[in-house]
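**Student:** missing the sequence, but the structure's below:
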C-alpha cells in the first residue's frame, strides 16, 4: 500500500470484518446473524469508547437485524428465545444511552445558561461597586 492510500475498513486485527451485504433482501438467516453479530461488536466497541451516539445507532441497527432474523425463524425456533433476549438487551442498552445523551445535552444547556447568568451577575456587581465608589468620591 502506498503512503497516500488509506487502509480499507475492517482490516485491522482488532476490528470485526463486515459481512458481505449483497442485496439485503436476499440474505439468508445465517448471513443476517453474521450481520447482527458484526453490528453488535461495533455497538459494544463504541459503547466502550464512550461514543454514545454511534453506540446507540449500532445497537438499534442490531435490534433491527435481529427482528428480521426472528421474522425468518419464527417464535417457535429453538434459537428464538436467545435472539429475543439479545434483541431486548440491545434495545434496552440503546435506550439507556439515549437517556444519558439527553441528560448530557440538558446539563450542557443548563451550564450555558448558568454561566451566562453568572457572567451577567458578575458584571452587574462590578458596575454597582464602581458606581458606589464614584458616589463616595462625589
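**Tutor:** Yep, that arrived. Not measured: the values here are computed from a predicted model.
**Student:** Give the burial count for residue 33, as a bare number.
**Tutor:** Using other C-beta atoms under 10 Å, residue 33 is surrounded by 20 other residues. Using the backbone N, CA and C atoms, a C-beta is placed for each residue, glycine as well.
**Student:** What's the local residue count around residue 74?
**Tutor:** Residue 74: 8 neighbours (other C-beta under 10 Å).
**Student:** That one contacts residue 80, correct?
**Tutor:** Yes. Counting by C-beta atoms under 8 Å, residue 74 touches residue 80, with 6.9 Å between them.
**Student:** what sits in contact with each of those two?
**Tutor:** Counting by C-beta atoms under 8 Å, 6 or more residues apart in numbering, no residue touches both residue 74 and residue 80.
**Student:** Could I get the phi/psi values of residue 28?
**Tutor:** In terms of degrees, to the nearest 10, the main-chain angles of residue 28 are phi -80, psi 170.
**Student:** List the contacts of it.
**Tutor:** Per C-beta under 8 Å, 6+ apart, neighbours of residue 28: none.
**Student:** what's the answer for residue 60, then?
**Tutor:** Contacts were defined as C-beta under 8 Å, 6+ apart; by that measure residue 60 touches 90, 91, 94.
**Student:** Just name the closest of these to residue 51, please.
**Tutor:** residue 94 (13.3 Å; C-beta to C-beta).
**Student:** Following the chain onward from the strand or helix carrying residue 38, which element is next?
**Tutor:** Per DSSP states H and E: residue 38 is located in helix 29-48. Toward the C-terminus, helix 29-48 is succeeded by helix 52-73 as the next helix or strand (DSSP H and E).
**Student:** Can you check what angle separates that next one from helix 29-48?
**Tutor:** Calculated by axes from the mean of the first three to the mean of the last three C-alpha atoms, to 10 degrees, helix 52-73 forms an angle of 160 degrees with helix 29-48.
**Student:** and helix 52-73, average pLDDT?
**Tutor:** For helix 52-73, mean pLDDT rounds to 92.
**Student:** contacting residues around stretch 87-104?
**Tutor:** Contacts for stretch 87-104 (C-beta under 8 Å, 6+ apart): 40, 43, 47, 52-53, 55-56, 59-60, 62-63, 66-67, 70.
**Student:** Cool, thanks, signing off.
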